[in-house]
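**Student:** Kindly generate the corresponding structure for this input.
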Amino acid sequence: MRSNTVLCVALTVLLYLTGSFGQQDVCGRASLNTRIIGGVDATEGFWPWQVGIYTIRYIQFLCGGSLINKDWVLTSADCSSSINILGNSDIIIYLGRLKRFGPNTHEVNRTVSRVITHPNFTRFTHENDIALVQLSSSVDFTAYIKPVCLAAAGSEFNEGLLSWITGWGYTSSNQLSDTLQEAEIPIVSNYNCRIAYNNNLKITDNMMCAGLSDGGKGACYGDIGGSLVTKQNSRWIQSGIISVECARDLPSVFTRVSKYQDWINTQIVINQPGNTPFPYYNNTHTSSIPYIPYIPDVPDVPDIFSGSSPDLHLFPFYLTFTIISLIFCPCF
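**Tutor:** As a prediction, this is how the structure comes out:
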C-alpha cells in the first residue's frame, strides 16, 4: 500500500510537469507577427496575448492585460482595483480583438471568475502594481489568441533595448484609439528614470522604465495593465506591466514582471505560465557578449486535450502516466 501511494504521488508530479512543459512551449509565439502615444495601428494577430478589459456600465475599455495561460490574465493592481469597485458582473474580457468597435472576426470574450490583487499594492507609489484575473472559462489558443511568456526571475533588460507596448488608450490627439495601437520604445535604466522623474516618483527595483528622452511615445489613459514585450529569438517575453501612464515628456513606468515570478506561481498552481530568462545564453560562455543560441520555430500542433498547442511529443507521456495511474492508483 505504501509503495502504491509513493507511485501515485510521483505520477501526479509527472503529469503536472508535462502540463508545465506544454505551457512553456506555446507561450510567446505570435505566428502572424513577422517583425499608445506616438503609436501606429497594429495588424490583426500581431499581439495575440493582448486583452481588453471592458466595463458594461460605462460602455468603454477600462484597461489592458495580457493572456498568460488558458485561464488567467496578467494586469495591474490599479486595474483590478477598478474591477473590484465596479463588480465582476460589470466586466467583459475580450481576447483576439483588434478594433474597439466591431467587427472582430477572431475575438472571443469571457467574464471574470476571480481577481487577485497583490496584497502589498500601494496606489500612491505604484509599488507592487500587479494583479491576476481568472477567466470564467478556459480559452482555446488560435493564431489570434495565445499566451505571452513571462520574464523569469533574474532577467535583465538593459538600457536601449527596443521593446513594444500595445493598447487602445488615448493617443496624441487626446482620443481613445479605435484600432489597437503599437509603439516601439527603448528601455531606460532605473538610474536615468529616477533622474527624469526628479524624485517626484520613487522608481524602485520592482519597477522598470521605457520611452524616449523627449517623450512622444508611451502609454496613456486606457493602456494601464497592458504589456511591455521584447522579442528573443522566436519568442515574445513580457518584461513589464503598464503602471504609470500619460507621462508625455517622461519615460513610461512599468511593474517589473521578473520580480514577481514566485508570487504569480503561488497563485497559479496548475498550468503555470511559461517563465523565460532574458537574455537567454549559455552560462559557460566566457565572452563579454552573451551567446544567444538559435531556437527554431516549432509548428503549432492542436492539443486534443485543452485546445492549446504544446509539442505533440508530450502526448505519449500523458497517455503512459494516465494508464499507469489507473492501474496502480484505484483511489483516484
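**Student:** rest of the way, CA atoms for contacts and neighbours
**Tutor:** Will do.
**Student:** which residues does the residue positioned nearest the centre of the chain form a beta bridge with?
**Tutor:** In the chain, the centroid-proximal residue (CA atoms, centre = their mean) is residue 66; its distance is 4.1 Å. Per DSSP bridges, the residues bridged to residue 66 are residue 50, residue 74.
**Student:** OK, contacts around it?
**Tutor:** 49-51, 73-75, 147-148, 226-227 (CA atoms under 8 Å, 6 or more residues apart in numbering).
**Student:** Distance check, it against residue 195.
**Tutor:** 30 Å (CA to CA, to the nearest Å).
**Student:** do residue 95 as well
**Tutor:** 38 Å.
**Student:** Compare neighbour counts for the two and give me the winner.
**Tutor:** residue 95 (25 against 11; other CA atoms under 10 Å).
**Student:** correct me, but the more buried one touches residue 54?
**Tutor:** No: between residue 95 and residue 54 there is no contact, the gap being 11.0 Å when judged by CA atoms under 8 Å.
**Student:** Just give me the closest of the contacts of residue 66 to residue 266.
**Tutor:** residue 74 (13.9 Å; CA to CA).
**Student:** wait, isn't the closest one in contact with residue 65?
**Tutor:** Yes: with contact defined as CA under 8 Å, residue 74 counts as touching residue 65 (5.6 Å).
**Student:** list residues touching both of the two?
**Tutor:** residue 225.
**Student:** out of the two, which sits in the more crowded spot?
**Tutor:** residue 65 (31 against 28).
**Student:** so how far is residue 159 from that one?
**Tutor:** Residue 65 is 24 Å from residue 159, by CA to CA.
**Student:** Tell me where the stretch 151-300 of the chain has strands.
**Tutor:** 162-167, 181-188, 207-210, 227-232, 235-244, 252-256, 275-276 (DSSP state E, counting those that start in this stretch).
**Student:** Which neighbours in the sheet does the fifth one have, and how are they oriented?
**Tutor:** According to DSSP bridges, strand 235-244 forms sheet pairs with strand 149-151 (parallel), strand 227-232 (antiparallel), strand 252-256 (antiparallel).
**Student:** List of residues touching the first one?
**Tutor:** Okay, so that is strand 149-151. Here strand 149-151 has contacts from 24, 27-28, 68, 235-239, 257-258, 273-278, using CA under 8 Å, 6+ apart.
**Student:** State the distance from residue 274 to residue 93.
**Tutor:** Residue 274 is 21 Å from residue 93, by CA to CA.
**Student:** Assess the claim that residue 208 and residue 242 are in contact.
**Tutor:** No: if you go by CA under 8 Å, residue 208 and residue 242 don't touch, sitting 9.8 Å apart.
**Student:** Comparing these two, which shows the higher neighbour count?
**Tutor:** Per other CA under 10 Å, whichever of residue 208 and residue 242 has more neighbours is residue 242, with 32 against 26.
**Student:** Bridge partners for the more buried one, pull those for me.
**Tutor:** residue 254.
**Student:** doesn't residue 251 make contact with it?
**Tutor:** No: shown here, residue 242 and residue 251 do not form a contact pair, counting by CA under 8 Å, at 11.3 Å.
**Student:** Would you check how far apart residue 95 and residue 165 are?
**Tutor:** For residue 95, the distance to residue 165 - CA to CA - is 17 Å.
**Student:** Can you verify residue 93 is assigned to a strand?
**Tutor:** Yes: Residue 93 sits within a strand when classified using DSSP: H, G, I helix; E, B strand; the rest coil.
**Student:** wait, it sits on residue 52?
**Tutor:** Yes: counting by CA under 8 Å, residue 93 touches residue 52, with 5.8 Å between them.
**Student:** would a markdown table of the strands paired with strand 235-244 with mean neighbour count be doable?
**Tutor:** Shown next, in a markdown table, are the strands paired with strand 235-244 (neighbours: other CA atoms under 10 Å):
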| stretch | mean neighbour count |
| --- | --- |
| strand 149-151 | 29 |
| strand 227-232 | 24 |
| strand 252-256 | 28 |
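**Student:** right, and the ones you listed - which one's nearest residue 177?
**Tutor:** strand 227-232 (16.9 Å).
**Student:** quick one: contacts of that closest one?
**Tutor:** Contacts for strand 227-232 (CA under 8 Å, 6+ apart): 50, 64-66, 162-166, 236-242, 254, 278-279.
**Student:** Stretch 104-124 too?
**Tutor:** 77-78, 80-81, 84, 88-89, 91-98, 127-137, 144.
**Student:** end-to-end on it?
**Tutor:** 37 Å.
**Student:** Check which residues of that stretch are buried.
**Tutor:** Buried residues in stretch 104-124, counting neighbours by 16 or more other CA atoms under 10 Å, are found at 109-112, 115-118, 121.
**Student:** Out of those, which sit inside strands?
**Tutor:** Among these, the members falling in strands (DSSP state E) are 109-110, 112, 115-117.
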